[in-house]
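Trainee: this is a predicted model, with the sequence first.
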2 protein chains.
Amino acid sequence: MTEAAMNSWSKAVEVINKARSISIFTHYDADGDALGSAFALAIELKRLGKETCVFLDEEMQKKLVFLSSKGIDTVVYEVGMETRRFDLSIAVDSGDMKRLGKRAELFKSAAVTMKIDHHISKDDFGDYNFVDTKWAATCVAIWELLTELVGEISDEAAIRIYTGIYTDTGGFKHSNTDERVHLITAKILSKLGDLSYISRIFQEKSKGMIKLYNIAVSKMEFFFNERVVYAYLAKEDFEKAGAIMEDSEGLATYLREIEGVDTSVFIRQGDKEDELKASLRSNEIVDVAEIAASFNGGGHKRAAGFTYYGDEQSMKKMLLERLGRTLNDT
Amino acid sequence: MTEAAMNSWSKAVEVINKARSISIFTHYDADGDALGSAFALAIELKRLGKETCVFLDEEMQKKLVFLSSKGIDTVVYEVGMETRRFDLSIAVDSGDMKRLGKRAELFKSAAVTMKIDHHISKDDFGDYNFVDTKWAATCVAIWELLTELVGEISDEAAIRIYTGIYTDTGGFKHSNTDERVHLITAKILSKLGDLSYISRIFQEKSKGMIKLYNIAVSKMEFFFNERVVYAYLAKEDFEKAGAIMEDSEGLATYLREIEGVDTSVFIRQGDKEDELKASLRSNEIVDVAEIAASFNGGGHKRAAGFTYYGDEQSMKKMLLERLGRTLNDT
C-alpha cells in the first residue's frame, strides 16, 4: 500500500466506524469489479455489525450473480421506492455521479457520502473521495481498505475481491496488472486454493456467443493500415446467432487481439430506437477514454465505451475521423 | 519453496557448480515453458562463466523467438553433427527421454545428466532428477533453482521465466495457478514493470487463425450430452483460411470454453501421410493425460495430446469410446 493510501484509509475507517447503517452503490451495468467491490465491502461491514444494503440499478448479469450473497440485503432500486435514511452511502467503481443512474438521489440522501474508485474523472461527488487511477481494480482499493478495517478478510469477501481484480485486469493480462495485483492474488490463493472455476465463468462461451463471433469476423472491416478494426452487429445478427446481449461482451477485446491491430471498435444496436452502443479497446497507441469522452462516454485508456443516438453510418464516419486524427498525431 | 525442493536444489547447485560446460535441452515442439526454462537457465549459467549451448530439435516457433538470446549459443541439432563433449547436460520440461527426439544420444553423451521437469512420468532418465508435478511450470522450478544458484535473477532471465509461467498456466487461468505462481510473478513485475506486451504476443491472432476458428466452429460436433466437443481440420481447411499450423494452437482450449463442455478434442491432419495430431483439453472431469497415454501420447491432466496414424473416422470412434467410458465412470 502506498503511504498516501494508508493515510487516506485511516480517514475512511474512521468515517465507516462512525456509521451504523451504510448503503452501497455500484455503477449501472455493474461489472465484476463493481459487484465484487460492493459485496466484499457489504460482507465485511455486516461482520462488523453494520446495517448494510446494496442498491443496484438493474438485475445482475446471470454470470455475476455468484458475487451476491444470501446474507446481504440487495435491492434493485426503482424511483419512488421507500427506503430508510442511511448514515453513510458508499459508491464503488463509479467515476461520475451520472453512473449511479436513477439511484443518484438515494445516494445523496445519506448523512455522509463516500466515493471509492479508480477511473479517470474530475467528478469528486462524495463528501469523502478515495480515488487513484493506479489501482488496477476498485477491488484493489477495497482489499486495502478492508485490511485496515477488519484485519483478516473473510473467504467470502476474498472471492469477490479476486473476481473484481480478475475481470478488471482481463485475467492478469492488461497493462494495469502490477506487482500489487499479483501479491493480493497470492494472498487470496493461499487462503482459498484453486480458483480456476472463477476464470472459467468468464472464459465460458455460449453457443450463441461463438456463432455471434463468427458473424462479427465475417463482417469486420479494417482501416488505417489495418490498425483499426470495426465491426457492427444489428439486432438481426443476434437473432441469427441465437445470442443475447451479454454474448457480445468480449467481442471488442477479441477483435483487438488481431495481429497488427491497435484499436478495435465494436458497435451493436441498442434496445431503444436509433441507439448504438460502442465498445472501444486499444493496445498501446490510441487513448480510447479520450475518444469515448468526445462522444459523452467514459472508461479507461485501453477500454472505454459510449452510447450514440443516430444512424450507424454517420457515427462510423465521425468515429473513424477521430481515430484517424489520433493515429496521425502519434 | 518447499523444504524438500530446497534440499534438492542444494544438490543441483553443487552439480552445476562442478561443471564447466553445460548443454541444455528442451522437448521437441518446444513451447513457452520449455524455451523459457532453457534460456533463463542458459543466461544465468553464462553469467556464472559456464560454457553453455542450447540444443533444439527444430527451429523455434516465430512467436517464441524472443525467448532466445543473442548471447547464448543455440543449435538446431542434426544427427551426426559434431559437438564437443559437455560436463553436464540438463533437460528441461521433458517428461520422457523420447521427448528429446533426435537429440537423445547427444544428451546422454555428457559426463553427468540432469532432468528438471513437472510432467507426470516415470522416466527418470537423468543421473539427477528434479521432478515435481506441483510446479505449475518448469519455469517455477528454474526460478527457485536460480535463486539458490545466483541470488538475484537478471532481468533477461526473469522475462523468460515470466513467459514460461504465463504460458503453462494459460495466462494465470488454469487450475495449476497457485500462490507461488503469483508470488514469483509479483517479484518479476516489481523488477520489470508492465509485461502486458508478453501476454499480447500470446493473445495475438492472425487473420488466418480467426478464419480457421470460424471453420472449426462451423464443423464442431457435440457428444455425451454436449460434454465433449470434437472438431477436425484437414489441410484444405488451413488452405481455405490462409492459416498455418501454429494458427490452430489455441483451438482446443477455445472449444473447451464452450458452456457445458468438459472435454474438447481438436484433430488436425499432420504433415505425413495418414498422420493425425490430437489436442485434448478438459475442465474438471476427464483426465486427458490418461486418454492421451492410451494412444501413446502424453501431457497433463487438463491438457494433453497424441499423434495417430490411420484414418480419422476410426480414430474418432476409438477416442469417443474411451471418452464415453470415462464420463460414465465418473
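Mentor: Thanks, I have the structure now. Everything numeric in this text was worked out from a predicted model, so none of it was measured.

Trainee: rest of the way, CA atoms for contacts and neighbours
Mentor: Noted.

Trainee: check the residue of chain A most remote from its centre and give its pLDDT.
Mentor: Farthest-out residue of chain A from its mean C-alpha position, per CA atoms, centre = their mean: residue A:225, at 31.1 Å. Residue A:225 is assigned 95 on the pLDDT scale.

Trainee: same check on residue A:2?
Mentor: Confidence score, pLDDT, at residue A:2: 47.

Trainee: again, but for residue A:244
Mentor: Residue A:244 carries a pLDDT value of 93.

Trainee: okay, now the domains of chain A?
Mentor: Following automatic domain parsing, chain A resolves into domains at A:3-202, A:207-329.

Trainee: quick check: end-to-end length of the shortest one?
Mentor: Taking CA to CA, to the nearest Å, the first and last residues of domain A:207-329 lie 41 Å apart.

Trainee: coming back round to it: need the domains of chain A in JSON lines (columns: distance to residue B:168).
Mentor: Below are the domains of chain A laid out as JSON lines (distance: least, CA to CA, whole Å):
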{"stretch": "domain A:3-202", "distance to residue B:168": "14"}
{"stretch": "domain A:207-329", "distance to residue B:168": "20"}
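
Trainee: pull the contacting residues for residue A:94.
Mentor: Remark: with contacts taken as CA atoms under 8 Å, 6 or more residues apart in numbering or on different chains, residue A:94 is in contact with A:26, A:27, A:100, A:115, A:116, A:117, A:119.

Trainee: helix, strand or coil: sort out it for me.
Mentor: At residue A:94 the chain is in coil, as set by DSSP: H, G, I helix; E, B strand; the rest coil.

Trainee: now do the same for it: its pLDDT.
Mentor: 96.

Trainee: how close does it sit to residue A:281?
Mentor: 19 Å.

Trainee: just residue A:288 next, same as before
Mentor: According to CA to CA, residue A:288 stands 7 Å off from residue A:281.

Trainee: please apply the same query to residue A:223.
Mentor: On the measure of CA to CA, residue A:223 and residue A:281 end up 15 Å apart.

Trainee: looking at the two, which is more packed in?
Mentor: residue A:281 (28 against 14; other CA atoms under 10 Å in any protein chain shown).

Trainee: help me confirm that the more buried one comes into contact with residue A:254.
Mentor: No - the criterion here is CA atoms under 8 Å, and residue A:281 misses it with residue A:254 at 9.4 Å.

Trainee: quick one: secondary structure of residue A:267?
Mentor: Per three-state DSSP, residue A:267 ends up strand.

Trainee: residues near it, how many?
Mentor: Residues lying near residue A:267 (other CA under 10 Å) number 26.

Trainee: give me the beta-bridge partners of it?
Mentor: residue A:232, residue A:278 (DSSP bridges).

Trainee: can you list the residues of the stretch 101-250 of chain A near chain B?
Mentor: Residues of the stretch 101-250 of chain A lying close to chain B (CA under 8 Å from any CA of the partner chain) are A:171-183, A:185-190, A:193-197, A:199-200, A:203-207, A:210-211, A:214, A:217.

Trainee: and the strands in the stretch 51-200 of chain A?
Mentor: Ranges of strands in the stretch 51-200 of chain A, per DSSP state E, counting those that start in this stretch, are A:51-56, A:73-76, A:88-92, A:112-117, A:128-131.

Trainee: flag every buried residue along the fourth one.
Mentor: If I follow you right, that is strand A:112-117. Using 16 or more other CA atoms under 10 Å in any protein chain shown as the burial criterion, the residues of strand A:112-117 that qualify are A:112, A:113, A:114, A:115, A:116, A:117.

Trainee: report all helices and strands that that strand contacts.
Mentor: In terms of contacts (3 or more CA pairs under 8 Å, 6 or more residues apart in numbering or on different chains; DSSP states H and E), strand A:112-117 is packed against strand A:88-92, strand A:128-131, helix A:138-150.

Trainee: need these in CSV with mean neighbour count and distance to residue B:50, can you?
Mentor: Formatted as CSV, those follow (neighbours: other CA atoms under 10 Å in any protein chain shown; distance: least, CA to CA, whole Å):
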stretch, mean neighbour count, distance to residue B:50
strand A:88-92, 27, 55
strand A:128-131, 19, 51
helix A:138-150, 22, 44
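
Trainee: out of the ones you listed, which gets nearest to residue B:140?
Mentor: Nearest to residue B:140, of all the helices and strands packed on strand A:112-117, is helix A:138-150, at 25.6 Å by CA to CA.

Trainee: which residues are contacting the closest one?
Mentor: Here helix A:138-150 makes contact (CA under 8 Å, 6+ apart) with A:1, A:9-10, A:12-13, A:33-34, A:36-37, A:40-41, A:44, A:48, A:92-93, A:116-118, A:135, A:153, A:161-162, A:164-165, A:181, A:184.

Trainee: what about it, distance to the chain center?
Mentor: 17 Å (CA atoms, centre = their mean, to the nearest Å).

Trainee: averaged pLDDT, it. What do you get?
Mentor: 98.

Trainee: what's the answer for stretch A:194-205, then?
Mentor: 93.

Trainee: what's the answer for stretch A:323-330, then?
Mentor: Average pLDDT, stretch A:323-330: 89.

Trainee: in that stretch, which residues are buried?
Mentor: Residues of stretch A:323-330 classed as buried under the neighbour-count rule (16+ other CA under 10 Å) are A:323, A:324, A:326, A:327.

Trainee: same question, stretch A:295-315
Mentor: Across stretch A:295-315, burial judged by 16+ other CA under 10 Å covers A:295, A:297-308, A:312, A:315.

Trainee: going by distance to chain B, which of those wins?
Mentor: Nearest to chain B among the buried residues of stretch A:295-315 is residue A:302, at 12.0 Å by CA to the nearest CA.

Trainee: show me what the longest helix along chain A packs onto, helices and strands only.
Mentor: What stands out as the longest helix in chain A, according to DSSP state H, is helix A:312-329. If you count contacts as 3+ CA pairs under 8 Å, 6+ apart, helix A:312-329 packs onto helix A:288-293.

Trainee: what's the helix it packs on packed up against?
Mentor: Counting by 3+ CA pairs under 8 Å, 6+ apart, helix A:288-293 packs on strand A:275-282, strand A:298-299, strand A:303-309, helix A:312-329.

Trainee: which of these has the lowest average pLDDT?
Mentor: Ranked by mean pLDDT, those bottom out at strand A:298-299, which scores a mean of 84.

Trainee: distance from that strand to the middle of the chain?
Mentor: Here the centre of strand A:298-299 is set off from its chain's centre by 10 Å, with CA atoms, centre = their mean.

Trainee: list the helices and strands it packs on?
Mentor: The criterion is 3+ CA pairs under 8 Å, 6+ apart, and the helices and strands that strand A:298-299 contacts are helix A:288-293, strand A:303-309.

Trainee: residues in contact with the residue nearest to residue A:288 when sequence neighbours are not counted?
Mentor: In space, and not counting its chain neighbours, residue A:288 is closest to residue A:301: 5.3 Å by CA to CA, 6 or more residues apart in numbering or on different chains. Taking CA under 8 Å, 6+ apart, we find residue A:301 in contact with A:282, A:286, A:287, A:288, A:289, A:290.
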